[in-house]
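Peer 1: Need a 3D model of the following:
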Amino acid sequence: MKNKKVVDLPHKFSKKEKNKSKLFIKFLHYSSLSIFLIGIGILASSLYWKYFILSNKEKIEEIHDNFESLKEENETPYLGDGPITSPLNGIELTESEYEDLSNNIPHAVMISNNASARSEQYGLNNADIVYEAEVEGAITRFMGIFWSNQENYIIKPVRSVRKYFLDWALEYGNIPVSFTGFAQTNNPDTNAWGLYQEEDIRITYWDWPFKWDDECLSNHPSMHCKRATPEDLYTIFDSHEWTFDSWEGFINQNEWEFSENLDREDYPSVEKVTYSFGWDDRWSTKWIYNKERNVYEKYEPDDQHIDMNDNNIISASTVIIQVMDREYTGDSEGRVAYKTVGFGDVYVMRDGKKIFGSWSKKRRGYRTNLFHMKLYKYDIDQNIPLKPGLVWIAVVPSDQEIIFE
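Peer 2: You can find the predicted model right below:
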């Protein structure tokens, strides 16, 4: 039987194999193009480095140095050639005044407002800012923030602090807070001790910088007779080497705006405003506008509220009524809690005018901002300008009536 001759026929490529071949050719083409472009890029970078970067090295170093210098300058307020204003209450300061004040740290002190203690109240007119809020049973208490006035006055009667006052103090950076006691509770809404530890707040409680007023002790309960002076407090601050190197709490957290004059005249006039904090009228407050002095004067409720340092009526350039939700905690001391984070209505009185708006606080440590009602046309919030001088903030519960006349 003859063997069959095997003939090798030309290979016939399948369609699939042809497609693979085309893809491979394309890959080689694009790879070559990419390598070419990368080479061009490297060449361009080399030329850029050689003829621009190296030739302009001194200029670039100068720009970098200027940038670093600008960063350092922005850590403190820009003083410039114009007037220097206090970030706390907007008053104008000379350069020497500012330098003197900058040697000391702003600080907060709790002050009693028991009805029986009003003849012993000292220091409220010397504060830059005063907060007023209920502590229990419609009784209010004050927290003064002091910086612009640093000597020759008494702060009295010093009392205990509540958690929400510490919360407000944190809005100004970690400033020292002076008080005679604070609650340690299982309720996170009232646990002032817990907030102190959590935020590592600087306090003078352990140093006990307060002095007993012997004359007061002969006529009043001892809780109304503890006093402090700026000199005593600053001695303690210095002993701890507490400093306040920058106004970061203001610069980075949307500080308040101040203006001597309002840019609008269509705000409604308010000659008198009255509000309460609860059922007891002894802690009702009435502010009456003094046109000659261009300030609001405080009555509580119908008698002049006097600062015993100078026997003058307590007067504020700006009165802020911050409407806030309050709840009674039901504890043995009758403590209340405020919702300090969030938003709500606010009324700002200055120059005999009432400005209605909203307050907003994003979270603890942030400033409470004061806005006009939102300008929806431009989708912006506009800050309410405050009058330079003493700023009084009354935190009025949302279930209480506010009467404007």
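Peer 1: Tell me the spacing between Glu257 and Asn383.
Peer 2: Relative to Asn383, Glu257 is positioned 5 Å away (C-beta to C-beta, to the nearest Å). In this view, the C-beta of every residue, glycine as well, is placed from N, C-alpha and C.
Peer 1: And Pro221, by the same measure?
Peer 2: 43 Å.
Peer 1: One more: Trp287?
Peer 2: Per C-beta to C-beta, Trp287 is found 22 Å from Asn383.
Peer 1: higher neighbour count, the two?
Peer 2: For Trp287 versus Asn383, neighbours defined as other C-beta atoms under 10 Å are more numerous around Trp287 (26 against 15).
Peer 1: That one sits in which helix or strand?
Peer 2: Element membership of Trp287, judged by DSSP states H and E, is strand 285-290.
Peer 1: and what of Asp100?
Peer 2: Assigned by DSSP H and E, Asp100 belongs to helix 95-102.
Peer 1: in the stretch 101-250 of the chain, which segments are predicted with low confidence?
Peer 2: Along the stretch 101-250 of the chain, segments meeting pLDDT under 70 span 245-250.
Peer 1: tell me the strands in it, going along the chain?
Peer 2: With DSSP state E, counting those that start in this stretch applied, the stretch 101-250 of the chain shows strands at 107-112, 129-136, 139-146, 177-178, 211-212, 226-227, listed in chain order.
Peer 1: now those in a markdown table, with distance to Ser160?
Peer 2: Below are the strands of the stretch 101-250 of the chain laid out as a markdown table (distance: least, C-beta to C-beta, whole Å):
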| stretch | distance to Ser160 |
| --- | --- |
| strand 107-112 | 7 |
| strand 129-136 | 8 |
| strand 139-146 | 8 |
| strand 177-178 | 11 |
| strand 211-212 | 16 |
| strand 226-227 | 11 |
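Peer 1: Of the ones you listed, which is nearest Phe277?
Peer 2: strand 129-136 (4.3 Å; C-beta to C-beta).
Peer 1: For the closest one, which helices and strands make contact with it?
Peer 2: Counting contacts by 3 or more C-beta pairs under 8 Å, 6 or more residues apart in numbering; DSSP states H and E, strand 129-136 packs against strand 139-146, helix 163-169, strand 336-338, strand 391-397.
Peer 1: If we use 6 Å, what do you get?
Peer 2: Helices and strands touching strand 129-136, by 3 or more C-beta pairs under 6 Å, 6 or more residues apart in numbering; DSSP states H and E, are strand 139-146, strand 391-397.
Peer 1: how near is the nearest residue to Gly194 once chain neighbours are set aside to Asn125?
Peer 2: Using C-beta to C-beta, 6 or more residues apart in numbering and skipping the chain neighbours, the partner closest in space to Gly194 is Pro188 (6.8 Å). Pro188 sits at a distance of 35 Å from Asn125 (criterion: C-beta to C-beta).
Peer 1: Output the helices and strands packed on strand 129-136 as JSON lines; include the columns distance to Asp307 and mean neighbour count.
Peer 2: Formatted as JSON lines, the helices and strands packed on strand 129-136 follow (distance: least, C-beta to C-beta, whole Å; neighbours: other C-beta atoms under 10 Å):
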{"stretch": "strand 139-146", "distance to Asp307": "11", "mean neighbour count": "22"}
{"stretch": "strand 391-397", "distance to Asp307": "12", "mean neighbour count": "23"}
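Peer 1: Just the mean pLDDT for stretch 356-375, thanks.
Peer 2: Averaging pLDDT along stretch 356-375 gives 85.
Peer 1: Only the C-alpha atoms, please, for it, written as PDB.
Peer 2: Presented in PDB, the C-alpha positions along stretch 356-375 are these (Å, rounded to 0.1, in the frame of the first residue of the first chain):
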ATOM      1  CA  PHE A 356     -34.300  90.800  65.000                       C
ATOM      2  CA  GLY A 357     -32.300  87.800  63.800                       C
ATOM      3  CA  SER A 358     -31.100  84.400  64.600                       C
ATOM      4  CA  TRP A 359     -28.300  83.000  66.700                       C
ATOM      5  CA  SER A 360     -26.300  79.900  65.600                       C
ATOM      6  CA  LYS A 361     -23.700  77.800  67.200                       C
ATOM      7  CA  LYS A 362     -22.200  74.800  65.300                       C
ATOM      8  CA  ARG A 363     -20.600  72.900  68.200                       C
ATOM      9  CA  ARG A 364     -18.900  73.400  71.500                       C
ATOM     10  CA  GLY A 365     -15.900  75.700  71.300                       C
ATOM     11  CA  TYR A 366     -17.400  77.700  68.400                       C
ATOM     12  CA  ARG A 367     -18.600  81.200  68.700                       C
ATOM     13  CA  THR A 368     -22.300  81.900  68.900                       C
ATOM     14  CA  ASN A 369     -22.900  84.000  65.800                       C
ATOM     15  CA  LEU A 370     -25.600  86.500  65.400                       C
ATOM     16  CA  PHE A 371     -27.200  86.900  62.000                       C
ATOM     17  CA  HIS A 372     -29.900  89.000  60.400                       C
ATOM     18  CA  MET A 373     -32.600  86.800  59.000                       C
ATOM     19  CA  LYS A 374     -31.100  85.100  56.000                       C
ATOM     20  CA  LEU A 375     -31.000  87.100  52.800                       C
END
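Peer 1: Going by neighbour count, list what's buried in it.
Peer 2: Residues 357-361, 365-372 are the ones in stretch 356-375 that count as buried (16 or more other C-beta atoms under 10 Å).
Peer 1: now the helices for the stretch 301-405 of the chain?
Peer 2: Along the stretch 301-405 of the chain, no segments are classed as helices by DSSP state H, counting those that start in this stretch.
Peer 1: Do you have the strands of it handy? List them.
Peer 2: According to DSSP E, counting those that start in this stretch, the strands that the stretch 301-405 of the chain contains are 306-307, 312-313, 315-316, 318-324, 326-328, 336-338, 342-350, 353-361, 369-372, 391-397, 402-404.
Peer 1: who does the second one pair up with?
Peer 2: The strands beside strand 312-313 in its sheet (DSSP bridges) come out as strand 306-307 (antiparallel).
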